[in-house]
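1. structure, please.
(chains A, B, C and D)
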4 protein chains.
Amino acid sequence: MNKDELASRVVARMYDADWFSQWLGIERVETHAGACVLRMTIRKEMLNGFGIAHGGITYSLADSALAFASNGHGRMAVSVETSISHTEQLNEGDVILAKVNELSLSNKIGVYQIVVEKQDGTAVAFFKGTVYRTGKEWFEEKA
Amino acid sequence: MNKDELASRVVARMYDADWFSQWLGIERVETHAGACVLRMTIRKEMLNGFGIAHGGITYSLADSALAFASNGHGRMAVSVETSISHTEQLNEGDVILAKVNELSLSNKIGVYQIVVEKQDGTAVAFFKGTVYRTGKEWFEEKA
Amino acid sequence: MNKDELASRVVARMYDADWFSQWLGIERVETHAGACVLRMTIRKEMLNGFGIAHGGITYSLADSALAFASNGHGRMAVSVETSISHTEQLNEGDVILAKVNELSLSNKIGVYQIVVEKQDGTAVAFFKGTVYRTGKEWFEEKA
Amino acid sequence: MNKDELASRVVARMYDADWFSQWLGIERVETHAGACVLRMTIRKEMLNGFGIAHGGITYSLADSALAFASNGHGRMAVSVETSISHTEQLNEGDVILAKVNELSLSNKIGVYQIVVEKQDGTAVAFFKGTVYRTGKEWFEEKA
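-> Next up, the predicted model:
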């Protein structure tokens, strides 16, 4: 099993049990070790009191991207700190993509930048996430 | 209209149009100028691939609390930067509260800390949010 | 050796080799396991192009406080993510205090809030820091 | 005066009064509207209790870069929130560069990512800064 196959299997297992990512309608465009691209569409029930997408929606997409990218190395990783700047508004019907860039990876800590873009390529949010990498593997090696 | 009445009217207007906060099942326990307490319950469709609440759920509750508290002064305010540390896991059925503390308020910028706790009082997440305060009022003064 | 004695010995060892904290003129007002209070005075060479304290000065005081408080448990801890909001300006001659609050502590991760105040008690900056706790002790137990 | 000349004049004025950036030994490699590259060398008095550069040193370099880049547009801008992840250790004698990327710029808010690298091109820290843009110009237009 090469690195991309492992990433794909880990993310498939995570996604299949991830009810909230499914509710969001997240599609996996690409999955790799340390990276992924996710896509979703803004629906009416995702809007806030200003009539634009709730900040929690773009955060949630980026947070799923963080989980999929960092766990894609095959070892279980958990978020310890995340931040997001919402720089553009999103309306119902907008299609957004989250693209992950692994800034740093050590034995115990990974740092990721995730840019969320809408259909015309405009960046709408910038997310930074730090994960702690546990010692547990998603799939045990067979002898 | 005193400050708490104004806060309550602003938040009511925001909440009534906030489909995502309604989907989350957010209840307004208290609303004030610069503060509020919100409550919600973790449902199955809010879980992630680890079988615990998705990070986007607690973030979303805290982000609604940020919006309600900062707009509660009567002037429209928009989030410019938010961060969250998830320190405890949440399971289906857990009831969580978001409590807002206004750290700083100037004419243009507000800084808020929001602690998310579960039913037994344990803190489960720490959120910090910075808002930009626009010049627009939610309700115009009548002559 | 009780917990406060251990914290005090760890911080003394760190401080004695910490040239930058010494250049800043940091004084240890209190040191505990997971907490400390530090004090320093703003000098002319700490000002920026606006004639007020450079953001790096308050950050540095808070970052030293993070290191002292988190290492004060006796195990080596390293910063993985920090953020700071500067909410009030500081002038030459102002005396500032950093006070640490341990928000969360697990086997591997600690989360701390640090408030920086000036002499009249006004908060001037809010810092949040996350550390990774290594497996190394500062002082080995003797048999 | 074109945009780069304006940026250069603003940064020169800021730098000349910025005692702390001068103490750090910061050199201006490039200055533009919304961007700059700064360089400095780690000295002994910048080390912490682990014998490596204090986190406040890289933060301070990045914070100066944030101030120079964001004010380089000609309008006074002040930091409202900054965060930094220190991912590699720095030793005495290391030469570090801060490079600014303007992620977003609106009338009132700017968001910047700053990567700090050492002499061999390795990234050692990732900084994100948000500024509020006031209405004041650094240089008044002449009639």
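2. CA only for contacts and neighbour counts going forward, please
-> OK.
3. quick one: the strand ranked longest in chain A to strand D:123-137, angle?
-> When chain A is scanned for its longest strand (criterion: DSSP state E), the result is strand A:123-137. Interaxial angle, strand A:123-137 versus strand D:123-137 (axes from the mean of the first three to the mean of the last three Cα atoms, to 10 degrees): 160 degrees.
4. tell me where chain A has strands.
-> Going by DSSP E, chain A shows strands at A:27-32, A:35-41, A:75-86, A:95-105, A:109-118, A:123-137.
5. how many other residues sit next to residue A:27?
-> 15 (other Cα atoms under 10 Å in any protein chain shown).
6. skip the chain neighbours and tell me the closest residue to it.
-> residue A:39 (5.2 Å; Cα to Cα, 6 or more residues apart in numbering or on different chains).
7. likewise for residue A:86?
-> Per Cα to Cα, 6+ apart, closest to residue A:86 is residue A:125, 4.5 Å.
8. does the one you found have beta-bridge partners, and which?
-> Per DSSP bridges, the residues bridged to residue A:125 are residue A:86, residue A:116.
9. measure it to residue D:74 for me?
-> Separation of residue A:125 from residue D:74 (Cα to Cα, to the nearest Å) stands at 25 Å.
10. next: residue A:111.
-> 33 Å.
11. who's more crowded, these two?
-> Taking neighbours as other Cα under 10 Å, residue A:111 and residue D:74 compare with residue A:111 leading, 27 against 22.
12. return the residues in contact with the more buried one.
-> For residue A:111, the contacting residues are A:102-105, A:128-131, D:85, by Cα atoms under 8 Å, 6 or more residues apart in numbering or on different chains.
13. dump these to a markdown table, plus neighbour count, distance to residue B:1 and pLDDT.
-> Below are those laid out as a markdown table (neighbours: other Cα atoms under 10 Å in any protein chain shown; distance: Cα to Cα, whole Å; pLDDT from 0 to 100):
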| residue | neighbour count | distance to residue B:1 | pLDDT |
| --- | --- | --- | --- |
| A:102 | 19 | 51 | 98 |
| A:103 | 21 | 51 | 98 |
| A:104 | 20 | 53 | 98 |
| A:105 | 16 | 54 | 98 |
| A:128 | 27 | 41 | 98 |
| A:129 | 28 | 43 | 98 |
| A:130 | 27 | 45 | 98 |
| A:131 | 23 | 47 | 98 |
| D:85 | 27 | 46 | 98 |
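14. tell me which of these is nearest to residue B:3?
-> Among the contacts of residue A:111, residue A:128 lies closest to residue B:3 (Cα to Cα), at 36.3 Å.
15. skipping its backbone neighbours, what lies nearest the closest one in space?
-> Nearest one to residue A:128, counting by Cα to Cα, 6+ apart, is residue A:113 at 4.6 Å.
16. what of residue A:34?
-> Residue A:34 sits nearest to residue A:69 (Cα to Cα, 6+ apart), 4.4 Å away.
17. how near is that neighbour to residue A:98?
-> Distance of residue A:69 to residue A:98, given as Cα to Cα: 11 Å.
18. which parts of chain A sit against chain D?
-> Residues of chain A lying near chain D by Cα under 8 Å from any Cα of the partner chain: A:85, A:87, A:104, A:111.
19. now with 7 Å, please.
-> A:87, A:104 (Cα under 7 Å from any Cα of the partner chain).
20. which residues sit in contact with the residue minimising distance to the centre of chain A?
-> By Cα atoms, centre = their mean, chain A has its centre lying nearest to residue A:65, at 0.8 Å. Taking Cα atoms under 7 Å, 6 or more residues apart in numbering or on different chains, we find residue A:65 in contact with A:36, A:38, A:98, A:100.
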